[in-house]
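[1] Sequence below, structure please.
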Amino acid sequence: MPGFLFDSYALLAFFQKERGAETVLKFLKESKNNSIEPLICVINLGEILYLTKRRFGDAKKIEILGRIYQLSFNIIPATNDLVFEAAEIKADYPISYADSFVVACAIDQSAEIVTGRLYSTEAVLTEVLYILNFSITAQSAALDFVLQSVVEIVPSNPESLKKIKNLMKKYADLPMDFADATIVCLATQTGMQNIVTFDKRDFAIYKLPKKKSFIIMP
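    Residues are numbered from 1 along each chain as shown. As a prediction, this is how the structure comes out:
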């Protein structure tokens with residue numbers, strides 16, 4: 001069973017009892033039940049510490065660090081190879097430098113990413129706004145999710161569009177629409193496996209690398 005790699009947002013949500021804390025706890029319990037060490041990259045640990053100190057002070061920072069050790073986290077060091085891999089990911093995809101270490105670590109450790117962030121694509125946002133065209137209030141609420149950084153939109157680039165095109169050809173029998181293809185491509189690029197969708201039929205069919213299936217919520 002692959003291990004779980006936690007990013008800073010997931011653990012900050014857990015420690016601060018914010019939205020998503022119960023989901024993070026579920027993955028921590030699953031790691032313990034299967035005798036698998038939970039993972040975190042040292043770069044993302046640094047994120048947690050500086051954000052905690054900035055918001056709550058030194059005492060809270062030390063408390064959080066202690067809890068991470070109590071939870072038996074395996075802290076992955078930033079080796080030269082990992083730095084080089086993260087740099088490549090950052091150069092190719094529009095994600096933060098710290099997030100590029102999450103992806104690089106997940107690849108290196110063959111781990112599943114547990115994140116407190118929600119990601120989507122411009123194609124999905126366009127689809128949502130079209131569906132909500134009966135109400136400007138509803139459309140504004142959807143846009144606020146992006147503007148308030150509840151959801152981060154990851155744009156496509158020429159390389160991802162090539163992969164999207166191939167995915168649409170692969171699943172032409174369904175068929176796979178463009179918005180779905182952008183999500184599967186994003187998940188493939190980032191190593192993410194969890195998805196929030198009501199389209200359970202199609203996403204139960206789509207496969208990730210190594211024939212992994214999406215973990216569909218709710």
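[2] So, low pLDDT: which residues of the protein?
    Along the chain, the parts satisfying pLDDT under 70 run over 1, 19, 94, 150, 218.
[3] can you list the domain ranges for it.
    Split into domains by automatic domain parsing, the chain comes to 4-114, 118-192+199-209.
[4] mind listing the strands for this structure?
    Using DSSP state E, the strands of the chain run over residues 4-6, 39-41, 74-76, 112-114, 118-120, 151-153, 194-196, 207-208, 212-213, 215-217.
[5] If we go by neighbour counts, what in the top helix by length along the chain is buried?
    Secondary structure of the chain per DSSP state H: the longest helix is helix 42-56. Within helix 42-56, the residues that count as buried by 16 or more other C-beta atoms under 10 Å are 43, 44, 45, 47, 48, 49, 52. (Each C-beta comes from the backbone N, C-alpha and C, glycine too.)
[6] so how far is residue 123 from the third one?
    In this case it means residue 45. The gap separating residue 45 from residue 123 is 34 Å, by C-beta to C-beta, to the nearest Å.
[7] before we move on, back to that, nearest approach to residue 217 belongs to which of the domains of the chain?
    Proximity to residue 217 (C-beta to C-beta) singles out domain 4-114 among the domains of the chain, at 8.3 Å.
[8] ends of the closest one, how far apart?
    Domain 4-114 has its terminal residues 6 Å apart, counting by C-alpha to C-alpha, to the nearest Å.
[9] Same question for stretch 89-100.
    So stretch 89-100: terminal residues 6 Å apart, C-alpha to C-alpha.
[10] can you list contacts of stretch 206-216?
    171, 176, 180, 184, 187-188, 193-195, 197, 200, 203-204 (C-beta atoms under 8 Å, 6 or more residues apart in numbering).
[11] TSV for the strands of the chain, including mean neighbour count and distance to residue 67?
    Shown next, in TSV, are the strands of the chain (neighbours: other C-beta atoms under 10 Å; distance: least, C-beta to C-beta, whole Å):
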stretch	mean neighbour count	distance to residue 67
strand 4-6	27	12
strand 39-41	26	12
strand 74-76	16	13
strand 112-114	23	16
strand 118-120	18	24
strand 151-153	16	26
strand 194-196	15	23
strand 207-208	14	31
strand 212-213	13	30
strand 215-217	12	26
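[12] Same list, those, but as CSV with distance to residue 18 please.
    Output for the strands of the chain, formatted as CSV (distance: least, C-beta to C-beta, whole Å):
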stretch, distance to residue 18
strand 4-6, 14
strand 39-41, 18
strand 74-76, 23
strand 112-114, 14
strand 118-120, 13
strand 151-153, 15
strand 194-196, 17
strand 207-208, 28
strand 212-213, 28
strand 215-217, 17
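[13] what sits against the closest residue to residue 116 other than its chain neighbours?
    Counting by C-beta to C-beta, 6 or more residues apart in numbering, the nearest residue to residue 116 once its immediate chain neighbours are dropped is residue 9, at 3.2 Å. Each residue near residue 9 by C-beta under 8 Å, 6+ apart is listed here: 115, 116, 117.
[14] I'd like to know which of the strands of the chain is closest to residue 92.
    That would be strand 118-120 among the strands of the chain, by C-beta to C-beta, at 15.7 Å.
[15] With that, I have no additional questions.
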